[in-house]
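Asker: attaching a predicted model along with its sequence, questions to come.
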Amino acid sequence: MSTKLTTDEFKKKVFDFQANTDWKFEGDLPCIVDFYADWCGPCKMVSPILEQISEEYAGKVNVYKINTDEEQELSQAFGIQSIPSLLFVPKSGDPRMSMGALPKPQILKAMKDVMAVE
């Protein structure tokens with residue numbers, strides 16, 4: 001199951017962008033952060049794919065959702081200009097952002113390439 005995060009929860013579970021200038025992952029599992037909005041058609045296409053991934057990779061990957069309408073400060077901090085935008089966050093190393101509605105094979109490839117999760 002994916003988890004919807006507020007800005008405060010994001011700072012505790014992923015990255016405290018107000019306290020740190022350099023990337024410092026706060027979580028214990030690699031994660032995918034889905035920046036979305038309820039009204040966004042492509043976001044609605046990606047959502048069930050992310051739900052499948054969160055179930056298939058339970059214990060290996062966390063899937064978080066950020067509503068860009070509700071969490072505007074967080075969206076601005078990451079420069080979100082189009083949705084859906086997916087942030088692939090490895091346990092160590094820098095995260096990578098991908099924009100647009102990705103099909104499942106591309107999401108799985110990014111999980112393998114960026115997050116070393118198979």
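Answerer: Everything's here; your move. Keep in mind that this is a model prediction, so the values were computed, not measured.
Asker: starting at the chain centroid, how far to stretch 111-118?
Answerer: Offset of stretch 111-118 from its chain centre (CA atoms, centre = their mean, to the nearest Å): 14 Å.
Asker: show residues contacting that stretch.
Answerer: With contacts defined as CB atoms under 8 Å, 6 or more residues apart in numbering, stretch 111-118 is touched by 30, 32, 53, 57, 60-61, 88-91, 95-96. From N, CA and C alone the C-beta is placed, and that goes for glycine too.
Asker: helices - which of the residues you listed land there?
Answerer: Of the positions in the contacts of stretch 111-118, I53 sit in helices, assigned by DSSP state H.
Asker: in ChimeraX, how would I select just the buried ones from the contacts of stretch 111-118?
Answerer: Buried residues among the contacts of stretch 111-118 (16 or more other CB atoms under 10 Å), as a ChimeraX selection:
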select :30,32,53,57,61,88,89,90,95
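Asker: ok, M99 to C43 distance?
Answerer: To C43, M99 is 12 Å away according to CB to CB, to the nearest Å.
Asker: what is in contact with these two at once?
Answerer: With CB under 8 Å, 6+ apart as the test, M99 and C43 both reach P84.
Asker: show me which of these two is the more surrounded one.
Answerer: Between M99 and C43, C43 has the larger neighbour count (other CB atoms under 10 Å), namely 21 against 14.
Asker: do I have it right that that one meets S82?
Answerer: No: C43 is not in contact with S82 according to CB atoms under 8 Å; the separation is 10.5 Å.
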